[in-house]
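**Q** Below are the sequence and a predicted model for it; my questions follow.
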Amino acid sequence: MSDRRQVVVTGVGAVTPIGSGGGGALYEGVRRERSAITRVTRFDPSSFSSQVAGEVVDFDPAAYIAPRRLRRLDRYAQMAVVCARLAIDDAGLRLDKENRDAIGCFVGSALGGVAFAEEQYAVFLTEGARHVRPTLALSVFCGAGSCNVAIEYDLRGPASANSDSCSSGAIAIGHAFRVVRDGYADVMLAGGIEAPLAPLTFGAFDLIHAMSTHNDEPDRACRPFDRTRNGFVMAEGGAFLVLESLEHARRREAPIYGTVPGFGFSNDAYHMTAPLPSGEQAARAMRLALAEAGIAPEEVDCINAHGSGTPLNDATETLAIKQVLGDHAYRIPVSATKAMHGHSLGAAGAIEAAISFVGLRHGYVPPTLNLREPDEACDLDYVTARGREMPLRYVLSNSFGFGGINASLVFGAP
């Protein structure tokens, strides 16, 4: 459609194990090129096979949220409100000068407030229903993230949440891109938030042997594409982007990180935990994103891989990338940043989108840490040990989740 608007990203806000703040703070965290994964401190993990996680240790919601309001929000909603504030500030967006009917918020989260529900259930069992926090009923659903952001900043445009497993954050960004592109909003806050570090929630993933058991070396526990990988490392955190039409950004003379020209998603229709072995639907999501962006596979300069560090996912993603890019797949760098910040489930795609945009701004491809013994099935040009400085035009970012949900986004230079 000729009247579709170009969509740009003008702000980044992140709360992650490697650093919290706007785009500058996130870039500093990535450029340290160190893992922030440690032994779990939030609870005693000794009864679990996996005992490591990516914890956010510098999160201070009281610096952003009024005390009375803060008491009504669980950690999930607090992170959403703070990420939104950081992104708004990073974009220089003056909400008092904007039409708030034309500003919305889309949030992805696999689990929402489930950790808070777990905490309150323990209170219920030991002290009775009268001692359960009355905010519980309003905290457990994933929509609490987008609704509380809308309430906090008086955003009256489209507001929605999805719970599409580990693709949630990427899907929220993809839908927000289309809302702005098609004129339903001028500005959208979009991203993913996850606060899953509680014993039962953590233990549920441990029970299905999905998580890394490299407990003796926490900073090396997540090993994307490595022969010795044996699972992902759970993490908390999140990131929001400010997406707006190019016309709106120019009108307020906003700095621009880059563009969002394409989004694709699909479903394997195969299994709840294992990816489709052929990788054809993951490949289809990538092709759809490239087609919507109107670019050829050869124009992709690097890939921000899902790269969770699970045996099946990494091999299948490698296969899917080769199906889409052909010989070009061997000539472009592939980066999996979860080795730094862990896998924050539904927020992972949003954090990786934010990292992609700061990479576009600075011409930088982050490293895939801990890749020392490449799996023979994983034979692409994975960036190892140190990041690479290089000019970037287009980045392809992948997010794949339980239930066979595949999402791919194309990001472009300004």
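**A** Arrived safely, thanks for sending.
**Q** Which residue is the nearest non-sequential neighbour of F225?
**A** Distances taken as Cβ to Cβ, 6 or more residues apart in numbering put C378 closest to F225, at 4.0 Å, once the chain neighbours are dropped. For the C-beta atoms, the positions are set from N, CA and C on the backbone; glycine is no exception.
**Q** Can you pull out the low-pLDDT segments for the stretch 151-300 of the chain?
**A** Scanning the stretch 151-300 of the chain for pLDDT under 70 picks out no residues.
**Q** Strands along that one, start to end?
**A** Here the stretch 151-300 of the chain has its strands, by DSSP state E, counting those that start in this stretch, at 159-162, 187-194, 237-245, 258-267.
**Q** most neighbours per residue, which of these?
**A** Ranked by mean neighbour count under mean count of other Cβ atoms under 10 Å, these are led by strand 187-194, which reaches a mean of 35.
**Q** and of the strands of the stretch 151-300 of the chain, who's closest to P17?
**A** strand 237-245 (6.2 Å; Cβ to Cβ).
**Q** Against which helices or strands is the closest one packed?
**A** strand 7-16, helix 75-91, helix 168-181, strand 187-194, helix 348-362 (3 or more Cβ pairs under 8 Å, 6 or more residues apart in numbering; DSSP states H and E).
**Q** Now distance to A204 too, for these, in JSON lines please.
**A** Listed next are those as JSON lines, based on distance: least, Cβ to Cβ, whole Å:
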{"stretch": "strand 7-16", "distance to A204": "23"}
{"stretch": "helix 75-91", "distance to A204": "17"}
{"stretch": "helix 168-181", "distance to A204": "17"}
{"stretch": "strand 187-194", "distance to A204": "14"}
{"stretch": "helix 348-362", "distance to A204": "17"}
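**Q** and those, which is most packed in?
**A** strand 187-194 (a mean of 35).
**Q** tilt between that strand and strand 7-16?
**A** Strand 187-194 runs at 30 degrees relative to strand 7-16, counting by axes from the mean of the first three to the mean of the last three Cα atoms, to 10 degrees.
**Q** Strand 187-194 pairs with which strands?
**A** Next to strand 187-194 in the sheet, as set by DSSP bridges, lie strand 103-108 (parallel), strand 237-245 (antiparallel).
**Q** okay if I get those as CSV plus distance to V40?
**A** Supplementary listing: those in CSV, determined by distance: least, Cβ to Cβ, whole Å:
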stretch, distance to V40
strand 103-108, 24
strand 237-245, 15
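**Q** so which of those gets nearest I173?
**A** strand 237-245 (6.2 Å).
**Q** hang on, S47 in a helix?
**A** No - counting by DSSP: H, G, I helix; E, B strand; the rest coil, S47 falls outside a helix, being coil.
**Q** what about it, neighbour count?
**A** Residue neighbour count, defined by other Cβ atoms under 10 Å, stands at 10 for S47.
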